[in-house]
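# all I have is the shape, not the residue letters:
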Ligand code: GLC
């Protein structure tokens with residue numbers, strides 16, 4: 001018997017001594033099977049993390065919690081668990097198209113959101129990320145990312161019963177719902193924080209509270225400041241309790257102390273509650289910050305990964321159809337560390353996002369070609385979530401060696417990008433807003449809606465038809481890449497109809513200091529109506545998007561196959577190939593220049609001379625043997641399909 005088997009046997013013996021709260025025989029069996037499959041690993045990981053602090057009793061009650069939460073899963077969810085266990089991973093499919101939205105900004109409330117289902121279907125959305133909709137402090141709450149109660153929906157949006165109903169309806173409409181799991185911190189109004197404030201030691205130990213600056217002063221010099229305009233350092237002073245508190249983000253977002261095993265169990269309980277709403281994906285917010293080690297930047301520490309593994313195992317045991325999406329907006333070497341079937345099956349792709357904006361600014365594609373040629377491939381059981389814009393700022397995370405390979409000095413390049421996108425002169429098409437610049441370290445980030453960053457705002461102000469048309473092409477070009485390069489494309493609600501920057505946040509005292517609100521416009525009925533009116537810019541964008549989405553859904557070659565970056569001798573073109581078996585090939589050719597460009601056909605010719613390609617976007621036929629060059633107009637995209 002192997003050590004593993006012996007371990008399992010000992011584990012099974014221990015299990016038989018536990019009275020787990022599952023009444024139904026079939027459920028008991030399926031739960032035990034999964035516990036036997038994953039339980040030993042879970043225990044090992046937790047022992048590695050918590051060492052002596054991890055008593056048997058803690059693990060036994062954790063198993064009890066897992067069983068209890070599994071038993072609370074609805075019969076439908078248990079069926080879904082079984083169904084998905086035996087099928088191909090849905091999130092790898094070419095039929096997936098994502099959208100992220102704030103419920104209130106997109107549809108007022110959950111009832112309104114239900115009424116938007118036909119719109120989502122029309123666009124082809126199958127993956128819907130509802131930005132945080134939990135109860136959070138009135139006024140400032142970091143766009144909902146300060147959670148006061150994971151079990152309550154913000155009453156202005158509806159209630160938990162409505163959320164569950166909505167998710168159930170989504171399931172019937174083949175829409176997978178993604179909910180935020182904000183587990184690095186809670187708001188200072190969460191029950192745990194309130195009890196800590198009231199002096200309960202148990203809950204004070206849930207956070208990092210200090211009587212003086214001694215520990216904060218040891219850590220601060222190593223830590224990244226996330227909102228340097230709001231507060232310097234990562235600690236906030238609370239007068240009412242005369243303590244310093246670790247707050248990586250805003251002063252009202254208290255970091256949880258995962259070195260305390262009770263925090264792990266308490267957070268796991270909240271996670272399983274959310275999993276039982278019926279969502280398919282939990283987005284692990286700010287996951288790289290969850291473990292703190294002295295003398296480090298406290299991001300992506302060894303125990304961070306172990307904790308994510310452990311939480312993933314808890315899902316495998318108690319809510320097996322739910323997967324994780326990683327939100328690590330960090331250096332590309334570190335983004336990929338979270339991507340693993342045992343950690344996060346899905347991950348945002350901040351590198352692709354940044355490179356798309358960089359290519360658009362420079363019209364040069366050498367940097368994207370160089371970086372993605374060795375950074376796009378990930379575990380084939382996992383998928384990128386590719387996006388161009390989201391509710392946050394654009395933070396630049398490139399690799400300096402990749403940059404140097406193509407003659408780019410990274411600091412200068414970032415300064416160029418920030419200037420390019422925020423410069424208000426007419427020579428620059430974008431209307432971006434600078435975010436949290438920190439001249440002491442040369443850091444600057446960027447806000448702005450996709451359409452405004454692509455030039456639609458300035459072009460419309462100037463009523464310049466030629467510029468409007470270029471802006472539309474840029475919007476479609478960037479979306480074409482996320483729709484075709486492999487992974488789940490995630491559209492930020494409103495971008496599909498070219499919503500512009502919304503400056504009304506400047507008049508709103510709780511928002512005016514946070515420029516991210518400029519790219520969180522309210523999507524009004526008028527805005528949607530405009531997109532239905534023939535030949536408006538909004539209409540052209542919407543039709544362009546729906547067309548590309550429909551094409552994606554028709555062809556499995558957009559699904560789970562490897563992507564090969566093709567380097568060409570034209571520095572303005574971004575070209576990649578996807579192959580499904582020997583027969584089906586798709587070559588995407590994207591012109592990042594505002595001028596016409598040509599591609600020598602030899603760059604994409606394969607051994608077979610008589611190939612015939614069809615450009616799925618223009619329907620044009622290209623007979624390779626009769627063609628020397630492909631001509632692309634400004635920002636044109638071709639999706640060349642061969643079979
Ligand atoms: C994530 C969210 C961002 C929020 C932060 C803190 O990065 O996307 O909006 O401010 O986490 O929760």
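Great, that's in hand. As the structure is a computational prediction, the values presented were derived from the model and not from experiment. Residues are numbered from 1 along each chain as shown.
# report the contact partners of residue 307.
The neighbours of residue 307, taking Cβ atoms under 8 Å, 6 or more residues apart in numbering as the test, are 49, 258, 264, 290, 291. C-beta here means a position set from N, CA and C on the backbone, and glycine is covered the same way.
# same thing but at 10 Å, please
Taking Cβ atoms under 10 Å, 6 or more residues apart in numbering as the criterion, residue 307 is in contact with 45-46, 49, 183, 258, 263-264, 267, 287, 290-291, 301, 343.
# which SS state does the residue nearest to residue 125 when sequence neighbours are not counted fall under?
Excluding its sequence neighbours, the residue lying closest to residue 125 (Cβ to Cβ, 6 or more residues apart in numbering) is residue 99, at 4.6 Å. On the three-state scheme (DSSP: H, G, I helix; E, B strand; the rest coil), residue 99 is labelled strand.
# burial of residue 99, as a residue count?
25 (other Cβ atoms under 10 Å).
# ok, back up a step: most neighbours among the contacts of residue 307, which one is it?
Result: residue 287 is most packed of those (other Cβ under 10 Å), 28 neighbours.
# just checking, that residue touches residue 339?
No - using Cβ atoms under 10 Å, residue 287 makes no contact with residue 339, being 11.7 Å away.
# look at the residue in the stretch 401-550 of the chain positioned nearest to the ligand and report its pLDDT.
As assessed by Cβ to the nearest ligand atom, the ligand sits closest to residue 516 within the stretch 401-550 of the chain, at 6.9 Å. With respect to pLDDT, residue 516 scores 98.
# burial count for it?
Residues near residue 516, counting by other Cβ under 10 Å: 20.
# what does residue 547 give?
Residue 547 has 13 nearby residues by other Cβ under 10 Å.
# neighbours of the residue lying closest to it once chain neighbours are set aside, how many?
Once flanking residues are discounted, residue 547 sits nearest to residue 617: 7.5 Å by Cβ to Cβ, 6+ apart. For residue 617, the tally of surrounding residues (other Cβ under 10 Å) stands at 20.
# surely residue 617 touches residue 552?
No - contact criterion Cβ under 10 Å: residue 617 and residue 552 do not qualify, at 11.1 Å.
# so what sits against both of these two?
Contact criterion Cβ under 10 Å, 6+ apart; residues shared by residue 617 and residue 552: 480, 484, 639.
# retrieve the pLDDT associated with the first one.
Put plainly, it is residue 480. pLDDT for residue 480: 98.
# does it touch residue 588 like I think?
Yes - judged on Cβ under 10 Å, residue 480 makes contact with residue 588 at a distance of 7.2 Å.
# okay, and the common contacts of the two?
Going by Cβ under 10 Å, 6+ apart, residues that sit against residue 480 and also against residue 588 are 617, 637, 638, 639.
# let me know the distance separating the first one from residue 466.
Here residue 617 is placed at a distance of 21 Å from residue 466 (Cβ to Cβ, to the nearest Å).
# for the last one, same thing?
For residue 639, the distance to residue 466 equals 25 Å [Cβ to Cβ].
# likewise the third one?
For residue 638, the distance to residue 466 equals 22 Å [Cβ to Cβ].
# pLDDT weak spots in the chain?
1-7, 607-610 (pLDDT under 70).
# how many neighbouring residues does the residue of it found nearest the ligand have?
Closest contact between the chain and the ligand, by Cβ to the nearest ligand atom, is at residue 145 (3.4 Å). Number of residues near residue 145 (other Cβ under 10 Å) recorded here: 22.
# phi, psi of residue 364?
Dihedral angles of residue 364 (phi, psi; degrees, to the nearest 10) stand at phi -110, psi 140.
# isn't it right up against residue 591?
No - Residue 364 is beyond contact range of residue 591, at 11.7 Å (criterion: Cβ under 10 Å).
# with respect to residue 12, which of the shared contacts of residue 480 and residue 588 is nearest?
residue 639 (52.9 Å; Cβ to Cβ).
# got the contact list for the closest one?
480, 483-484, 548, 551-552, 555, 557-558, 578, 586-590, 613-618.
# how about 7 Å then?
Taking Cβ atoms under 7 Å, 6 or more residues apart in numbering, we find residue 639 in contact with 484, 551, 586, 588, 615, 616, 617.
# can you tell me the helix or strand for the third one?
Think residue 586. strand 584-591 (DSSP states H and E).
# list the contacts of the host helix or strand of residue 81.
Here residue 81, judged by DSSP H and E, is contained in helix 75-85. Here helix 75-85 makes contact (Cβ under 7 Å, 6+ apart) with 27, 276, 278, 320, 321.
# repeat for stretch 286-301
184, 218-219, 222-224, 248, 258, 303-304, 307-308, 326-328, 330, 334, 337-338.
# first vs last residue of that stretch, how far apart are they?
The straight-line separation of the ends of stretch 286-301 (Cα to Cα, to the nearest Å) is 13 Å.
# tell me the buried residues in that stretch?
Using 16 or more other Cβ atoms under 10 Å as the burial criterion, the residues of stretch 286-301 that qualify are 286, 287, 288, 289, 290, 291, 292, 298, 299, 300, 301.
# from residue 377, how far out is the second one?
I take that to be residue 287. Residue 287 is 22 Å from residue 377, by Cβ to Cβ.
# kindly report the same for residue 550.
In terms of Cβ to Cβ, residue 550 sits 27 Å off from residue 377.
# repeat for residue 538
Taking Cβ to Cβ, one finds residue 538 at 36 Å from residue 377.
# neighbour count for those two, which is higher?
Set residue 538 next to residue 377 and count neighbours by other Cβ under 10 Å: residue 538 wins out with 23 against 13.
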